[in-house]
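S.K.: Fold the following.
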Amino acid sequence: MKPYSGCLRNLHYSNNKVSRYLNDTSEMVCYRFNDFGFRKTELELHPSQSIFICGCSYTFGVGLPIEETWGNIFADQISTNLRQKFGLWNLAQGGASNDYIARIITTQLHSETPRAVFVMFTFFDRAEHNAAAHVGECIGRWNSHDYAARYFSATSNEDALIRMLKNILLVQLACKSRNVPLRFLCLDLPSLKQLRCSYHPVIREYATQIDWLLLIECEDLDARLSIDFALDGMHPGVESNRAIGRLVAEAFIKEIIL
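M.R.: Take a look at the predicted model:
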């Protein structure tokens, strides 16, 4: 495995353990990190026996014990239903962009071949800022820094949507090149679905290359993600994560059966 290479290196480093992470200041959750700086799942087997998941704080599990995150619930359920042990590597980062997601997955797949990859792509209006002093920093329209304001004043919604499509396509092609099954969700599903029938010439070129059968379509995704809330009062809670874990497990089991 390649070590973590995001912008939260003050938290994501080998064998670190903290009780505060981004918005979660409750000090009621112990966030443990493995040898490579990713959140420790207790389900980590050799990558060839494991499933890789990646995303933003919704996948990392801000405000939740690791066993209550959708990734762990998903891995536990398929291990039980299919009567074989599946490892899990949670490669997510709180506050991540789709740039981070695509970069981390493609970097790991360059040297590892997991049993499958599941990605929860995040909101489209985020980007990685890679100036020398801010390598890998996630910026969004909420960011008050001058460099973020300059970036977003010079880009359109269409630019951001194209960026999201490029990242999805990059992950898709990386998985295909390694013969690794892929399924993905998207937190910005309404925007993503509109892209399939867009008349914008550049959006259409990228959208036609996406294998839309890989998308786990869930019309009530927002409702599932807001059943309850985690300890920080902002992110999906235990029941919400159970709903997503079951959804992803069903998609995986269907893929195995087919």
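
S.K.: From the centroid of the chain, which residue is nearest?
M.R.: Taking C-alpha atoms, centre = their mean, the centroid of the chain lies closest to Gly55, which sits 1.2 Å from it.

S.K.: Test my guess that that residue contacts Ala92.
M.R.: Yes. Under the criterion of C-beta atoms under 8 Å, Gly55 makes contact with Ala92 at 4.7 Å. Using the backbone N, CA and C atoms, a C-beta is placed for each residue, glycine as well.

S.K.: out of everything not next to it in sequence, what's closest to the residue nearest to the centre of the chain?
M.R.: Met120 (3.6 Å; C-beta to C-beta, 6 or more residues apart in numbering).

S.K.: can I assume that neighbour sits in a strand?
M.R.: Yes. Using DSSP: H, G, I helix; E, B strand; the rest coil, the assignment for Met120 is a strand.

S.K.: Could you check the pLDDT of it?
M.R.: The confidence metric pLDDT takes the value 98 at Met120.

S.K.: And what about Phe184, helix, strand or coil?
M.R.: With three-state DSSP as the criterion, Phe184 reads strand.

S.K.: and the residue nearest to Gly55, bridged to which residues?
M.R.: As for beta bridges, Met120 partners with Leu185 under DSSP bridges.

S.K.: In contact with it, which residues are there?
M.R.: Listed by C-beta atoms under 8 Å, 6 or more residues apart in numbering, the contact set of Met120 reads 53-56, 58-59, 92, 184-187.

S.K.: What of Gly94?
M.R.: 8, 21-22, 56-57, 60, 62.

S.K.: Ala102: what secondary structure?
M.R.: Classified using three-state DSSP, Ala102 is helix.

S.K.: Could you find the closest non-adjacent residue to it?
M.R.: Asn167 (3.9 Å).

S.K.: And that neighbour, which helix or strand is it part of?
M.R.: Using DSSP states H and E, Asn167 falls within helix 157-177.

S.K.: from what I can see, Ala127 looks like it's in a strand, true?
M.R.: Yes. Checked against three-state DSSP, Ala127 lies within a strand.

S.K.: tell me the mean pLDDT for the helix holding Asn167?
M.R.: Rounded mean pLDDT across helix 157-177 is 96.

S.K.: And for stretch 191-198?
M.R.: For stretch 191-198, mean pLDDT rounds to 88.

S.K.: what helices or strands is the helix or strand of the chain with the lowest mean pLDDT leaning on?
M.R.: Lowest on mean pLDDT, DSSP states H and E among the helices and strands of the chain sits strand 137-140, with a mean of 82. Strand 137-140 sits against strand 126-129, helix 146-153, with contacts defined as 3 or more C-beta pairs under 8 Å, 6 or more residues apart in numbering; DSSP states H and E.

S.K.: Having no further points to raise, I will conclude here.
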